[in-house]
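Participant: just a sequence and a predicted model for now, questions to come.
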Amino acid sequence: AALPPAVVMKLDVEGEEYNVLPNMLAHGVLCQLDAVFLEYHDASTRHRDIENRYKVPPAFQKTINYLVTHAGRCNVTIQTLGANEI
């Protein structure tokens, strides 16, 4: 028997990740997905630190993990990416 198709999203919102993910969770959208590929942007380093601009800070990764694990029956997998990895 064939598996049902997966619902996958690439999120590339140019620094609005901190706003978008909690809103998606609050409105029940995040948990309808099977996987999210998240391209992280740190707007605070836009002009100063180009090399580290796309590295996901540990605090942000911890926040993502907390959101998903405390969402009840939420089985979404969130994979963070550097710029243009996918």
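Facilitator: Thanks, I have it. Model, not experiment: these values are computed from the prediction.

Participant: assign residue 80 to helix, strand or coil.
Facilitator: In three-state terms, and counting by DSSP: H, G, I helix; E, B strand; the rest coil, residue 80 is strand.

Participant: surely it touches residue 64?
Facilitator: Yes - using C-beta atoms under 8 Å, residue 80 is in contact with residue 64, at 7.3 Å. (Glycine included, C-beta is placed from N, CA and C.)

Participant: pull up the overlap in contacts between the two.
Facilitator: Shared contacts of residue 80 and residue 64 (C-beta atoms under 8 Å, 6 or more residues apart in numbering): residue 38.

Participant: so the nearest residue to residue 81 once chain neighbours are set aside versus residue 26, what's the distance?
Facilitator: Among residues not flanking residue 81 along the chain, residue 39 sits closest, at 5.0 Å (C-beta to C-beta, 6 or more residues apart in numbering). Relative to residue 26, residue 39 is positioned 22 Å away (C-beta to C-beta, to the nearest Å).

Participant: can you pick out the residue with more neighbours from the two?
Facilitator: More crowded of residue 39 and residue 26, by other C-beta atoms under 10 Å: residue 39, with 19 against 11.
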